[in-house]
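A.B. asks: here's a sequence, model it:
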Amino acid sequence: MDNKKLDVLRNNINLLDDKILDLLKERAEIVTEIGAQKKSYTDVVDYEREQKVLGRILQKTKAKYSKDSIVRIWREIFQASTKLQEKDKSIIDVKRSINLINIYKGGKSSISGKNNIIKLSSNESSYGPSPKVLEKINLQETLSNSHRYPNIDGAKLRDKLASINNLNANQIVLGCGSDETLLFTALAFCQDGDEIIHAQHGFEMYSIITKIVGATSKLVKEDENFKVTVTSILDEVTPSTKIIYLANPNNPTGTYLTRNQIIDILDKLPKSIILVLDGAYAEYVTKEDYDSSFSLVDQFENVIITRTFSKAYGLAGIRLGWCYSSEKVASILNKVKGPFNTQSLSQEMAIIALDDKEYLSKVIKSNRDTKSWFESELEKIKIKTRPSEGNFSFVEMSDEEAKKIFAHLVNSGIIVRQLDSYGLPNCLRITIGTREEMEATINSLKGL
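C.D. replies: Residues are numbered from 1 along each chain as shown. Next comes the predicted model:
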């Protein structure tokens, strides 16, 4: 090592840093002046302008730094500029993306003044869990050990999942709901300023998770059938893309991509980008071109497949989900996962539910038959449904009709999901409940 030459190079860096500081001072003064010209100090962020700046910077840059690093640097400058322009300099500071989060509220769950409601707003299973879960769970034994931590990584449950699905248990990561495994992914692979791609009308948590880690959402536009395409997804990929969240089938639209389409995406996607296939409703899909297996993990190192016990298994209340990925990715997720993140009772209940395959098949068949009957009845009363997979119907109408039907059903003690928060004020999502619940819903709608 030539120490003299190294000292000269480091001194040159110091001189350049001084120039950068001078330029930042000059930039800050201009930013402050721009802030003074704005009418409101509470809404100083112009994301459209920021995207144009980033586009110009990426075109002009000749530095050897990677383009995603350049984007992160400039997004940090944007963040600092925002603080300069904000009038309220709060002592408690938070990164800009957190301020943009609209807290997830879920489907309406109660109606004032009504006790016996029919809840069709959250895609829970109206059939509940397998009766064997209640019969076989040893509450006394489990609760008597409640002063002990649960198994740190849920080895017994992971072994059961591996056995049933012919998987490698070491590549399974458990989560408090599959939502938590989605968060693990963003925490592990994203930094402030990175980008996460998800559908324009996709699960609301994708946008929230993106903001939690300080990343930026890139929304994939859907076609006239509310479906994303291979091209529309790949068109959003930039040097800053780190993750693609793809609910398959999608919530709330119920559309899906075939196995061949997923493979097409993975073949064309840079191997550094993680594709997350959110399979919360996978058990309900019967289409032959849909892939409900985990075999893609054997072909592609950069894919994560999630599952949940909240839907078909009827165990939403125990908050338990999981994901499967390559050994490399799973080892990374385990570094982010907190210890003891799933409960002993939840793990035991899930193991019992997995053994009752007959009950799961019965629930899936009942959902399919009831959904078919329900949608045919809706058609008779001129209510249009879109083709959808999952345990819900996706209803499209005018904004006015959607509000009218929602209010009418609430008045009848029936709650469905308004989709205003998804940017679909003209649509409703109706969970498929029991036959009796859906008959009550049709009878109510006939009186509209």
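A.B. asks: tell me what His416 is bridged to.
C.D. replies: Let me fix one detail, which is that residue 416 is Val and not His. Leu120 (DSSP bridges).
A.B. asks: I'd say it and Lys403 touch.
C.D. replies: No - using Cβ atoms under 8 Å, Val416 makes no contact with Lys403, being 11.8 Å away. Just so you know, the C-beta spots here come from the backbone N, C-alpha and C atoms, and that holds for glycine as well.
A.B. asks: and Arg96, how far from Gln85?
C.D. replies: For Arg96, the distance to Gln85 (Cβ to Cβ, to the nearest Å) stands at 12 Å.
A.B. asks: do the same with Asp18
C.D. replies: Going from Asp18 to Gln85 by Cβ to Cβ gives 26 Å.
A.B. asks: these two: which is more packed in?
C.D. replies: Neighbours per residue, other Cβ atoms under 10 Å: of Asp18 and Gln85, the larger number sits with Gln85, 18 against 10.
A.B. asks: what is the burial count for Lys60?
C.D. replies: Neighbours of Lys60 under the rule other Cβ under 10 Å: 9.
A.B. asks: next, give phi and psi for it.
C.D. replies: Per-residue torsions, Lys60: phi -90, psi -20 (degrees, to the nearest 10).
A.B. asks: could you list the buried residues of stretch 342-356?
C.D. replies: By 16 or more other Cβ atoms under 10 Å, the buried positions in stretch 342-356 come out as 342-354, 356.
A.B. asks: quick check, nearest of the residues you listed to Asp7?
C.D. replies: Distance to Asp7, by Cβ to Cβ, is smallest for Thr342 among these, at 54.2 Å.
A.B. asks: if we can go back for a sec, need the buried residues of stretch 342-356 in CSV with pLDDT, can you?
C.D. replies: Formatted as CSV, these follow (pLDDT from 0 to 100):
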residue, pLDDT
Thr342, 94
Gln343, 92
Ser344, 91
Leu345, 92
Ser346, 95
Gln347, 95
Glu348, 94
Met349, 96
Ala350, 97
Ile351, 97
Ile352, 97
Ala353, 97
Leu354, 98
Asp356, 97
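A.B. asks: quick one: which of Val416 and Lys403 has more around it?
C.D. replies: Ranked by neighbour count (other Cβ under 10 Å), Val416 and Lys403 place Val416 first, with 24 against 16.
A.B. asks: would you mind measuring from the more buried one to His408?
C.D. replies: For Val416, the distance to His408 - Cβ to Cβ - is 10 Å.
A.B. asks: repeat for Ile101
C.D. replies: Distance of Ile101 to His408, computed by Cβ to Cβ: 32 Å.
A.B. asks: would you map the strands across the stretch 1-150 of the chain?
C.D. replies: 118-120 (DSSP state E, counting those that start in this stretch).
A.B. asks: ranges for the helices of it?
C.D. replies: 3-37, 47-60, 67-85, 96-99, 131-136, 139-144 (DSSP state H, counting those that start in this stretch).
A.B. asks: which one of those has the lowest average pLDDT?
C.D. replies: Least confidently modelled of the helices of the stretch 1-150 of the chain is helix 139-144, at a mean of 78 by mean pLDDT.
A.B. asks: buried sites along that helix?
C.D. replies: Neighbour-count burial for helix 139-144 [16+ other Cβ under 10 Å]: Thr142.
A.B. asks: mind checking what helix or strand follows that helix in sequence?
C.D. replies: helix 155-165 (DSSP states H and E).
A.B. asks: just the CA coordinates of the helix or strand of the chain with the lowest mean pLDDT, formatted as CSV?
C.D. replies: One helix or strand of the chain scores below all others by mean pLDDT, DSSP states H and E: helix 139-144, with a mean of 78. Only the C-alpha atoms of helix 139-144 are listed here, as CSV (Å, rounded to 0.1, in the frame of the first residue of the first chain):
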residue,chain,number,x,y,z
LEU,A,139,-56.1,-26.0,26.0
GLN,A,140,-55.2,-27.0,29.5
GLU,A,141,-51.8,-28.3,28.5
THR,A,142,-51.0,-25.4,26.2
LEU,A,143,-52.1,-22.7,28.6
SER,A,144,-50.4,-24.3,31.6
